[in-house]
Each structure stands twice: as structure tokens, then as C-alpha cells.
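Enquirer: Using only what follows, build the 3D model:
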Amino acid sequence: MKLVVQVKLLPSPEQAAALLATLGACNRAADHVSQVAFGSGVKDRNGLQKLVYADVKATFGLSAQPAVRVVKKVVDAYSALAAGLKAGRLGGPGSKRYRSAVGSPVGFRPEAAQPFDDRCLSWQTDGRTVSIWTVDGRMRGIRYTGSPDQLKTLAEYRRGESDLVRRGGKWFLIATCDLPDPEVYEPADWIGVDRGIVNLATTSDGSNYQGRRLNRYRRWKARKRAALQARRTRSATRRLGARAKKEQRHATDVNHRISKEIVSVAKRTGRGIAVEQLDGIRERVRLRRDQRATLSSWPFHQLGQHLAYKARRAGVPFLEVDAAYTSQRCPRCGHTERANRSTRDHFSCRRCGLAGPADVVAGVNVRNRARSA
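Expert: Next comes the predicted model:
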């Protein structure tokens, strides 16, 4: 399985200056290559490289391999844009975002991440240092740090290219690691997980991971964001960006802790994990205006991703089942009716009288569907 490991670089002031100059040169070159690709319509790697390779080396001071990586970076950016347009993530062909995306070249920030392969960057895991190509020559002995688990994974399983990233004035390297897939055991049973907005996750065992605290935090953040947006100053814009990143990190941490606990329970009891398949839920539901922000910031998809990869890494079976009517179906008699869920929190079957917390009932239905699957 593929796993991304991020470590923090600890460069000296001279090394940091060289890294910053390198990012600037690579992204100026990427902008130039992007304009050539947009103007000529050539967006395949080999064709584009023939057009710009010599010019990139001569004009921007890049050596051979960094020039190749810049071309590949631009090709990947246009491929990602084409995939986003096809999936409708930028609206229809008549929308403003769609027209803006297809009507101008892809741009690159001066400090956008730059990929390096093993010819441009080498790792010395015993000494916790890296050697990296820069426009000022090869920089050796740049120290890095990370958690013991990250460093062990990096030393044993790192494969392929690594990305140099500058974020908040700090330097990071993001490396791809290829871990062997552990053997998945045959589950004795399943844990059904129902994901929601009020309760982020509820299991068929009755464990409830409430989202009220997270939602209060997000509402408070939304009020602060509205106040800053009303100021319309540069400092307010900077603070808005910092607050958005902080909110995202907080939600990610919550999802990590929830998924870690569910996977550990499943592994300890020899069971698998079953979740609802919620792909396309934003397109299927129609909401009031005051509900849209809540659904758009709902981290259910990220929680499902965390559950999937943590289960795979631990060898725990993972299954997605049909989400239709899991909150309206009685797990005892099978009667399905909207009136079974009289309120958001309470379920009461109109046929057999089975009653209980609605999210727990939904988790039980998910578990039963995994059993039958």
C-alpha cells in the first residue's frame, strides 16, 4: 500500500535561501512551460519536453533532471485539470469557474511544491540528512526530523520521488512509501459504522463519537471568519488563511482519533469494518441555504478514507455497503418507512415496536448488510 510520510527539514539560513531560490526558479520555469503548453495545445510529456527542454535549461538555470521534473509537473497539472472538468468539480461548461479554468494557462505560485527524484535528492537515513540539488549547487547535509514511526517507515519503505514544500515559513519533504500489504484475516463478524453530522460516527456496538463539539468549534470559526471578511484588509486576509488551515488540521486530528479507535477495536475482536457508501451525496440531496455550509464542511469523506487506509494497514477487512434506507429500516422485522424515524435521534418501528437511538439502528443495518454481503 502507498503511504505518504512528511518530515520537517532543518536547513541553515544559507541552505534555506538556496532552497527558496530553487523553488522560485522551478516555478517560474513551470509557468513558462504551462504557457507554451496552453498556446501550442501540446500537453503530452514527450511532445512538450521536445518543445521546451533546451529553453528551460538555458533561461532558468535548471540542470537536466530538474528541467524534466518541471515538464512532468506541468503535464500532471493539466491532467488533473482535465479530470476535474470531466468530473464536474468546476461546474458546467457555462459556469464562470469552468470558463476561467479552460481560458487561461495553469499558473504556479512562486513557492509551490516541487517534485524531486532520486537523481536530484538523496536520503541518508542513518544520519537523518538529505542531499538536494539547488540552483546554487548541491546542498549536502540538510538535517530533517520526524516521529520515530515516520523515520522508521521512511528508512524501510521509501520509493519514488519526494516533494519539497515550504509552508508557513517552514520546510518539509513529503515522501511516498510503498508498504507491503498485511494479510487480511477472515472476519468473525462486522462492526457497522454510521457517519453523520451531529454524530460523526456511531457503531453497531453503540459507541458514539459526537460531533457537537466539532460543530460548535466550526460555528465559532465561521463567526470569526465573517468578521474578518467584513474588514477587507490585507492582515485580515492573512489571518483568514491561517485560521482556515488551523480548522482543517483540527478536523483531521478528530477523524484520525476516531478511525484509530474503531480500527483497534475491530482488530482486537477479530471483526471487519463496514461503512455506508456515500459517494455523490452532495449531488443527491437538496438543502436549505442555512444547511449548505454544514454539509460542505462535513468531514465524512475524510473519515471514511482514514478508516479505509488504517484498516488496510492493520489487515482489518473493510467493506462499503449500500446506504439506502439504513436510517429508516427496522433491523428486526425489515419494515422500512420514513415515519420509523420520528425525530433525528430516535427510531421506533411502526410494525414491531423496536425502538432505540437512530444512529445505532443505522449502524446495525450497515452491519447486517455487510453480513449478507
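Enquirer: for the spatially most central residue of the chain, what are its contacts?
Expert: Geometric centre of the chain, nearest residue: residue 302, 6.9 Å, by CA atoms, centre = their mean. Applying CB atoms under 8 Å, 6 or more residues apart in numbering, one finds that residue 302 lies in contact with 251-252, 255. The C-beta positions use only the backbone N, C-alpha and C, and glycine is treated the same way.
Enquirer: Per-residue pLDDT of residue 250, please?
Expert: On the pLDDT scale, residue 250 is placed at 83.
Enquirer: gap between it and residue 96?
Expert: Relative to residue 96, residue 250 is positioned 31 Å away (CB to CB, to the nearest Å).
Enquirer: more crowded one of these two?
Expert: For the pair residue 250 and residue 96, the greater number of neighbours falls to residue 250 (14 against 9), based on other CB atoms under 10 Å.
Enquirer: Now the more buried one: closest residue in space that isn't a chain neighbour?
Expert: Spatially, and ignoring its direct neighbours in sequence, residue 250 is nearest to residue 217 (6.7 Å; CB to CB, 6 or more residues apart in numbering).
Enquirer: what's the helix or strand that contains the one you found packed up against?
Expert: Taking DSSP states H and E as the criterion, residue 217 maps to helix 212-231. Judged by 3 or more CB pairs under 8 Å, 6 or more residues apart in numbering; DSSP states H and E, helix 212-231 is in contact with helix 234-269.
Enquirer: for the helix or strand where residue 101 lies, what is the average pLDDT?
Expert: Secondary structure from DSSP H and E places residue 101 in helix 96-102. Averaging pLDDT along helix 96-102 gives 91.
Enquirer: Kindly report the same for stretch 204-211.
Expert: pLDDT averaged over stretch 204-211 gives 86.
Enquirer: List the buried residues for that stretch?
Expert: Neighbour-count burial for stretch 204-211, counted by 16 or more other CB atoms under 10 Å, picks out 204-205, 207-209, 211.
Enquirer: Contacts for it next, please.
Expert: Here stretch 204-211 makes contact (CB under 8 Å, 6+ apart) with 190-193, 196-202, 258, 262, 265, 357, 359-360, 363-364, 366-367.
Enquirer: same thing but 7 Å
Expert: When contacts are defined by CB atoms under 7 Å, 6 or more residues apart in numbering, stretch 204-211 is touched by residues 191-192, 197-202, 258, 359-360, 363-364, 366-367.
Enquirer: What would it look like as PDB? C-alpha coordinates only.
Expert: This file holds the C-alpha atoms of stretch 204-211, laid out as PDB (Å, rounded to 0.1, in the frame of the first residue of the first chain):
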ATOM      1  CA  SER A 204     -23.300  -1.000  15.800                       C
ATOM      2  CA  ASP A 205     -21.800  -1.700  19.200                       C
ATOM      3  CA  GLY A 206     -23.300   1.500  20.500                       C
ATOM      4  CA  SER A 207     -20.100   3.600  20.600                       C
ATOM      5  CA  ASN A 208     -21.000   7.200  19.700                       C
ATOM      6  CA  TYR A 209     -18.400   9.800  18.600                       C
ATOM      7  CA  GLN A 210     -20.300  13.000  18.900                       C
ATOM      8  CA  GLY A 211     -19.700  15.900  16.500                       C
END
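Enquirer: returning to that earlier point: looks to me like the residue nearest to the centre of the chain is in a strand.
Expert: No: counting by DSSP: H, G, I helix; E, B strand; the rest coil, one finds residue 302 to be helix, located in no strand.
Enquirer: Could you report the distance from it to residue 176?
Expert: 20 Å.
Enquirer: Any regions of the stretch 201-350 of the chain where pLDDT drops low?
Expert: Applying pLDDT under 70 to the stretch 201-350 of the chain flags the ranges 211, 279-298.
Enquirer: how about the helices in the chain?
Expert: Counting by DSSP state H, the chain has helices at residues 13-40, 45-60, 64-87, 96-102, 148-157, 212-231, 234-269, 281-284, 289-296, 300-314, 358-372.
Enquirer: Which stretch among the ones you listed approaches residue 136 most closely?
Expert: Nearest to residue 136 among the helices of the chain is helix 13-40; the distance by CB to CB comes to 4.3 Å.
Enquirer: which residues touch residue 172?
Expert: With CB under 7 Å, 6+ apart, residue 172 has these contacts: 6-9, 165.
Enquirer: In strands only, show me these.
Expert: Mapping the contacts of residue 172 onto strands (DSSP state E) picks out 6-9, 165.
Enquirer: Neighbour count and distance to residue 181 added to those, as JSON lines?
Expert: Formatted as JSON lines, these follow (neighbours: other CB atoms under 10 Å; distance: CB to CB, whole Å):
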{"residue": "6", "neighbour count": "15", "distance to residue 181": "22"}
{"residue": "7", "neighbour count": "21", "distance to residue 181": "24"}
{"residue": "8", "neighbour count": "13", "distance to residue 181": "28"}
{"residue": "9", "neighbour count": "21", "distance to residue 181": "30"}
{"residue": "165", "neighbour count": "17", "distance to residue 181": "28"}
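Enquirer: from the residues you listed, which is closest to residue 133?
Expert: Nearest to residue 133 among the ones in strands among the contacts of residue 172: residue 9, at 14.5 Å, using CB to CB.
Enquirer: got a pLDDT number for the closest one?
Expert: Here, the pLDDT recorded for residue 9 equals 97.
Enquirer: Tell me if I'm right that it and residue 169 touch.
Expert: No: using CB atoms under 7 Å, residue 9 is not in contact with residue 169, being 11.9 Å away.
Enquirer: Many thanks, have a good one.
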